[in-house]
Structures are given as C-alpha cells and as structure tokens.
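> pasting the structure only:
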C-alpha cells in the first residue's frame, strides 16, 4: 500500500475521531451552558420583578397613613342599618345635577359581601356611556323629577342582619338629555355621601338631538351589628 494512502487514511481516521469527540463531549457541554445561561436570565428577570414589587410595597407603606384615612372615610359611608332612603336621595340629587328624569329605582335582596378584584380609583372621571343599537324612548328628558317608583328595603334584610357586611344591588332607570349628562349622572352617584360601588351602565339612544335611556346598576353596602332594619324610600 502506498505510503501516501496510508497517511491519508490516518488523517481521515484522526479527523473522524476528533469530530466524534466534539459531538460527544463538547456539544452537550455547550448546550448545557446555554441552558444554564437562559435559566440564569430568567431568574434575573424574576428577581427584577420581585424587586419592583418590593419597591412598590415600600412606597405604599410610606403612604399607609393616607391609605388608612381613605379606608376610614369609605367605612363612614357604610351604615350599620339597611337604610336605603339616603340611596334614593343620592339618586334624586344626581338626577337633578344631570337634568335626568328618573323612571325607577329598585333594590335587590341583601347578599354576602364579595371582595372586588379590580377596584375603581376614587374620584376617577366616568367616560360617556356608549349608546347601544336600541332606539331611545320618544319622550324627551325633562328636568329631574322626584324618584318615581322606588323600592322599599329588601324583604330579606332582616334575615341577613347580623351576618356581617352585606351588599345590596341597586338598579336605576333614568332618561338624560345626552351622553355628557349621562356621564355627569354616573359621576354624581359615585360622589357620596352614601357609598355606591361597581357603578356600571348600559345606554340606549344618544343620537343627534335624542335623549339617552340609561340603566345603571350599583352596589350599596351595610355592616349591621344588630338585626335593625330601617325603612327607606317614599
């Protein structure tokens, strides 16, 4: 066999062994190193997120006095009785502010308090409601009138009394001149002095020169310590 051929075969075999060694030994190590680096980056990103949350909590801790004062103010808006007359008065005053005509105000049965997962910041302006495809009533909106049919305290109030904080769903039907006054009505409902939460609305109408029919739902709260039920409404 020629010497050159023997040398060529030796070179090919050596190269094959070298490639095999790289594939078996070096490539897995590189892959492991890349995986470890990726995990380290993920851990660093998580640490940054945790640090950001810690910084936010520390800033909130510095404002704890203001937060406690805000909570105390909201607690003062939650009566110890199932009294709804102040809710009806709030609706009437809000209607007067927005030049709305009240069609009805009804109250549901008391239910156990459910913690809100996405609180609405206090004092946040309300965007004008979006009108639905349903045509508005033909009657024009006149200046605010006294609440028409209003609900008496829920029949289940006495049964729920003494069970801690409860919530009562309030449904309001009004007619307002336009969407601007609809937003003004919703903002007035949130202004107190009786706390109404989760104020939401569905509007119908609102075309050029037409009134807006507004259905509003909200939650009123009570935190009774006794089984006292105060009647409200007209």
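In hand now; what should we look at? Since the model is a prediction, treat every value here as computed from it, not as a measurement.
> would you say residue 27 is within a helix?
Yes. Using DSSP: H, G, I helix; E, B strand; the rest coil, the assignment for residue 27 is a helix.
> ok so residue 52 is a helix residue?
Yes. Inclusion of residue 52 in a helix is indicated when three-state DSSP is applied.
> Angles on the backbone of residue 187, please.
As for residue 187, its main-chain torsions (degrees, to the nearest 10) stand at phi -60, psi -40.
> Quick check: which ranges of the protein have low pLDDT?
Judged against pLDDT under 70, the low-scoring parts of the chain cover residues 1, 75-82, 115-164, 206-209, 224-234.
> Could you pull out the strands in it for me?
Secondary structure of the chain, counting by DSSP state E: strands at 101-107, 111-112, 131-132, 166-176, 196-205, 212-222.
> Domain boundaries for this structure, per the record?
Structural domains assigned to the chain are 1-62, 78-114+123-222, following automatic domain parsing.
> mind giving me a markdown table with those domains and columns for mean neighbour count?
Where you see a C-beta, it was placed from the backbone N, CA and C, and this is true even at glycine. Putting the domains of the chain into a markdown table (neighbours: other Cβ atoms under 10 Å) gives the following:
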| stretch | mean neighbour count |
| --- | --- |
| domain 1-62 | 10 |
| domain 78-114+123-222 | 18 |
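> Return the set of residues that bridge with residue 106.
Bridge pairing for residue 106 (DSSP bridges) gives the partners residue 171.
> Number the residues from 43 up from this point.
In the new numbering, first residue 43, that becomes residue 148.
> Now do residue 61 against residue 146, distance only.
Residue 61 is 85 Å from residue 146, where distance means Cβ to Cβ, to the nearest Å.
> out of the strands of the chain, which comes closest to residue 104?
Set against residue 104 and scored by Cβ to Cβ, the strands of the chain come closest in strand 238-247, at 26.6 Å.
> The closest one pairs with which strands, parallel or anti?
Applying DSSP bridges, strand 238-247 is found paired with strand 173-174 (parallel), strand 254-264 (antiparallel).
> circling back: adding distance to residue 110, write the domains of the chain out as CSV.
What follows is those, written out as CSV (distance: least, Cβ to Cβ, whole Å):
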stretch, distance to residue 110
domain 43-104, 11
domain 120-156+165-264, 16
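> Out of the ones you listed, the one nearest residue 112 is which?
Each of those was checked against residue 112 via Cβ to Cβ, and the shortest separation belongs to domain 120-156+165-264, namely 10.6 Å.
> just checking, residue 241 touches residue 256?
No. With contact defined as Cβ atoms under 8 Å, residue 241 does not reach residue 256; the gap is 11.4 Å.
> Overlap of the contact sets of those two?
In the contact map built from Cβ atoms under 8 Å, 6 or more residues apart in numbering, no residue is linked to both residue 241 and residue 256.
> In TSV: the strands paired with strand 238-247, plus distance to residue 133.
Listed next are those as TSV, based on distance: least, Cβ to Cβ, whole Å:
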stretch	distance to residue 133
strand 173-174	22
strand 254-264	9
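> So for residue 78, which of those sits nearest?
Taking Cβ to Cβ as the criterion, residue 78 comes closest to strand 254-264 out of those, the separation being 51.9 Å.
> What's the separation between residue 146 and residue 65?
Using Cβ to Cβ, we find residue 146 at a distance of 80 Å from residue 65.
> Report the beta-bridge partners for residue 254.
Counting by DSSP bridges, residue 254 is bridged to residue 218, residue 247.
> Quick check, it in contact with residue 222.
No. Counting by Cβ under 8 Å, residue 254 stays clear of residue 222, with 9.5 Å between them.
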